[in-house]
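*Asks:* Could you work out the structure for the sequence below:
(2 chains)
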2 protein chains.
Amino acid sequence: MNSEVGINVPAKIGMPVSEIETPALIVELDVFERNLKKMRSIAEANGVLLRAHAKAHKSAGVAFRQMEIGGAHGFCCQKVSEATALVEAGIDDILISNQIVSRAKIERLVALSKRAKLRVCVDDPLNVCDLSSAAMAEGTVLECLVEIDVGAGRCGVTHGEEAAKLARLIADAPGLRFVGLQAYHGPVQHYVDAEKRNATFKDILKKVQETLVALVAEDLDCPIVSGAGTGTFRKEATSHVFTELQAGTYCFMDAAYMTLRDEHGGPEVPFENALFLLSTVMSAARAGAVVCDAGHKSVAVDSGLPKLVDVPGATYVSCNDEHGMVIDPNGHLSLKDQIRLIPGHCDPTCNLHDYLIGVRNGFVETVWPVTSRGKLW
Amino acid sequence: MNSEVGINVPAKIGMPVSEIETPALIVELDVFERNLKKMRSIAEANGVLLRAHAKAHKSAGVAFRQMEIGGAHGFCCQKVSEATALVEAGIDDILISNQIVSRAKIERLVALSKRAKLRVCVDDPLNVCDLSSAAMAEGTVLECLVEIDVGAGRCGVTHGEEAAKLARLIADAPGLRFVGLQAYHGPVQHYVDAEKRNATFKDILKKVQETLVALVAEDLDCPIVSGAGTGTFRKEATSHVFTELQAGTYCFMDAAYMTLRDEHGGPEVPFENALFLLSTVMSAARAGAVVCDAGHKSVAVDSGLPKLVDVPGATYVSCNDEHGMVIDPNGHLSLKDQIRLIPGHCDPTCNLHDYLIGVRNGFVETVWPVTSRGKLW
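*Replies:* Presented below is the predicted three-dimensional model:
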């Protein structure tokens, strides 16, 4: 890492938070570690493995803490290049929770599977043929999960017999091994209505169980049922059906997950916000409002605007590419003031940054590169 | 550049477009060059300088073509680190079209101004003091533009006398030189109603002219009036008031600018789309729809979803972080098919990528690094 703070790196170890160049993502390490321990205790208490989703942070530094402190047994990635960068950094157990279909990507996937414990999801017979050919050509065996559509309507085959047929195809294909099911429902993670989340999860579970029955009829073992996100993971953890939890955001949290309430009105997600976008007031030319230096290029707004904290009455109300508009009716904010924003959506926000800056008690303790940033393919 | 295609780079020179790893941004060079020549001819015909905004692409490779083919006399940047990366790559005339207020950033700005022709915008008397002290400490003179709020309600002082007072403060401050006005209105670039665009531009022009009158009363020369975006640049070009055009998107275009119509119903913006996000169908498990590999992490949706081209009846209808949902009622698309998407918004989309791949006649001609990607501060 180039140590010249300000051109290539926004912070250095030992620096006070007030001197970090902005906009920059900071992680409050005390909170982060509490989140890791909480997830570990829930996973262990329920006898499920934590396969944390690295798409949330894309950082080997964070992943190692998830293993050391948070009991993670492995990770998920969405892309082969994302996984490759993490393997290069020393992470050796990765499920590609996604379909890999093009020839070049399959070749990279198979090559990577010879260097690390690697699995991939499948939802198409043609893909089974392509994966099998590539694994055979390399003289290796690739472990595959059948992805079933548990109601999200994205990737995945129909649950039940169709899924079992695909599993049979994999089991019979040279160079492949069927090891389990991928059953992830993205939208339910963010359903506001707790009853709708519960009802949807029941349906997810029913689809998985029907598929397990169909697999028995095909005489196929299914050691792995992998799924869950930060919004539902306690349901999967206590289901006695899922064997792996794929939550990612839990370690940092974001404004969208913070709003979820359970059926009793309490927080649905038992984690605290550890991730903040540090920003600076760059213009105070108008009364009652200021402009900060954080916009679309440093914070994702697909799940809502970031939440400004610690400034009574002030609200982040809109943004452009490099500017954030803040209403400040009480006039608390002045030029050069540093502010903290909770990103609306963790994953695409981390994806915008090259570094995550770990801070404790007001000082920088670590600077984690976003290892897989830009690894889109 | 690491030449191993697929891990660090999505393409190499000479490769057919069909083999580019996806998702990846490609630039159709024939179209790009036509756009550059069109902008050059309009700027030259109207005697205004083109100071192309590098925030659109953040790439030195693109900037050099804008100079060589497109007649660009200089560039704009939004951030000091963005400008620094471009100076390191050989670009030597940059206006920071933004306020730089924190101590560390000002020090970097002043240091950079000793290596390249650099200007900065100012909208606050306190900032004048800080810039002056820093320039004095380095024994240099920093050229400043006063940013006026021409109606966007973002940064900028009130036009007229208040702006002239700030200009006077700059002119009298040791280490600073007042050289002109920054007059940029972001929202008007995208106003759908042509009459509203025209009326707003008249108001912008009035505010600039009143400020010029106030500067005369202060006995201050104002050699530069800088502003304009891709949505309005012809108005600024023909205004006889603006001396510089700051358009950025014009070289690539995007889906949002494509929709603008002039008062006669023709295209408001005379450029063609040169930028496409190349994507691949990664799941075709459901009838009438497919899933492609391009979502929030590879295409910005703040100005609308990307437009799928060349597939009759098919539409990109929603996305998650790494997935794009495509309705395909006619069943044209199959697993592994490569598709092209026009990004809704050019600037934050380029910001997501490490490379822009220049293609011509179906083959890769150049691979431009996004020089200032991640340079947020």
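
*Asks:* Helix or strand next in line after the strand or helix carrying residue A:291, which one?
*Replies:* Per DSSP states H and E: residue A:291 is located in strand A:289-292. Where DSSP H and E defines the elements, the next helix or strand beyond strand A:289-292 is strand A:307-309.

*Asks:* ok so, going back, output the contacting helices and strands for the strand holding residue A:291.
*Replies:* strand A:275-283, strand A:324-327 (3 or more Cβ pairs under 8 Å, 6 or more residues apart in numbering or on different chains; DSSP states H and E). C-beta here means a position set from N, CA and C on the backbone, and glycine is covered the same way.

*Asks:* for these, which one ends up most surrounded?
*Replies:* strand A:275-283 (a mean of 25; mean count of other Cβ atoms under 10 Å in any protein chain shown).

*Asks:* Say whether chain B is contacted by that strand.
*Replies:* Yes - contact of strand A:275-283 with chain B (Cβ under 8 Å from any Cβ of the partner chain) involves A:280, A:281, A:282, A:283.

*Asks:* would you turn the helices and strands packed on strand A:289-292 into TSV with mean pLDDT?
*Replies:* Output for those, formatted as TSV (pLDDT from 0 to 100):
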stretch	mean pLDDT
strand A:275-283	98
strand A:324-327	98
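
*Asks:* Leaving aside the residues adjacent along the chain, what's closest to residue A:209?
*Replies:* The spatially closest residue to residue A:209, leaving aside those adjacent along the chain, is residue A:241, at 6.4 Å (Cβ to Cβ, 6 or more residues apart in numbering or on different chains).

*Asks:* Rank the helices and strands of chain A by mean pLDDT and give me the bottom one.
*Replies:* Across the helices and strands of chain A, mean pLDDT, DSSP states H and E gives its lowest value to helix A:255-258, namely a mean of 92.

*Asks:* chain center to that helix: distance?
*Replies:* 14 Å (Cα atoms, centre = their mean, to the nearest Å).

*Asks:* Relative to residue A:228, how far out is the residue nearest to residue A:209?
*Replies:* 11 Å (Cβ to Cβ, to the nearest Å).

*Asks:* neighbour-wise, which of these two wins?
*Replies:* residue A:228 (28 against 16; other Cβ atoms under 10 Å in any protein chain shown).

*Asks:* pretty sure the more buried one is touching residue A:184, no?
*Replies:* Yes - with contact defined as Cβ atoms under 8 Å, residue A:228 reaches residue A:184; the gap is 7.3 Å.

*Asks:* list residues touching both of the two?
*Replies:* Taking Cβ atoms under 8 Å, 6 or more residues apart in numbering or on different chains as the contact rule, residue A:228 and residue A:184 both touch residue A:246.

*Asks:* in its sheet, what does the strand holding residue A:291 sit against?
*Replies:* Here strand A:289-292 is paired, per DSSP bridges, with strand A:275-283 (antiparallel), strand A:324-327 (antiparallel).

*Asks:* same for the helix or strand that the last one is followed by, what does it pack against?
*Replies:* Counting by DSSP H and E, the element after strand A:324-327 in chain order, helix or strand, is strand A:338-342. If you count contacts as 3+ Cβ pairs under 8 Å, 6+ apart, strand A:338-342 packs onto strand A:275-283, strand A:307-309.

*Asks:* quick one: residue A:353 and residue A:371 touch, right?
*Replies:* No - when contacts are counted by Cβ under 8 Å, residue A:353 is not listed as touching residue A:371 (11.8 Å).

*Asks:* Looking only at neighbour counts, state which of these two leads.
*Replies:* Comparing residue A:353 with residue A:371 by other Cβ under 10 Å, the one with more neighbours is residue A:353, at 24 against 21.

*Asks:* Find the residue closest to the more buried one in space, skipping its chain neighbours.
*Replies:* Once flanking residues are discounted, residue A:353 sits nearest to residue A:25: 4.9 Å by Cβ to Cβ, 6+ apart.

*Asks:* what's the distance between residue A:248 and chain B?
*Replies:* 10 Å (Cβ to the nearest Cβ, to the nearest Å).

*Asks:* Ramachandran angles for that residue?
*Replies:* phi -120, psi -50 (degrees, to the nearest 10).

*Asks:* What about it, how many residues nearby?
*Replies:* The number of residues near residue A:248, taken as other Cβ under 10 Å, comes to 23.

*Asks:* ok, now which ones touch it?
*Replies:* By Cβ under 8 Å, 6+ apart, the contact set of residue A:248 is A:52, A:53, A:54, A:55, A:56, A:57, A:76, A:229, A:230, A:346, A:347.

*Asks:* Tell me where the stretch 151-300 of chain A has helices.
*Replies:* A:161-172, A:194-217, A:233-237, A:255-258 (DSSP state H, counting those that start in this stretch).

*Asks:* And those helices: which comes nearest residue A:273?
*Replies:* helix A:255-258 (6.3 Å; Cβ to Cβ).

*Asks:* Can you list the buried residues in that closest one?
*Replies:* Within helix A:255-258, the residues scored as buried using 16 or more other Cβ atoms under 10 Å in any protein chain shown are A:255, A:256, A:257, A:258.

*Asks:* what's the distance between residue A:227 and residue A:145?
*Replies:* Taken as Cβ to Cβ, the span from residue A:227 to residue A:145 is 10 Å.

*Asks:* Please enumerate the shared neighbours of the two.
*Replies:* residue A:182.

*Asks:* can you tell me how far residue A:129 sits from residue A:172?
*Replies:* Distance from residue A:129 to residue A:172, by Cβ to Cβ: 11 Å.

*Asks:* Give me the most central residue, chain A.
*Replies:* residue A:56 (2.8 Å; Cα atoms, centre = their mean).

*Asks:* in terms of contact, does it touch residue A:348 like I think?
*Replies:* No - in this structure, residue A:56 is not within contact of residue A:348 by Cβ under 8 Å, at 9.9 Å.
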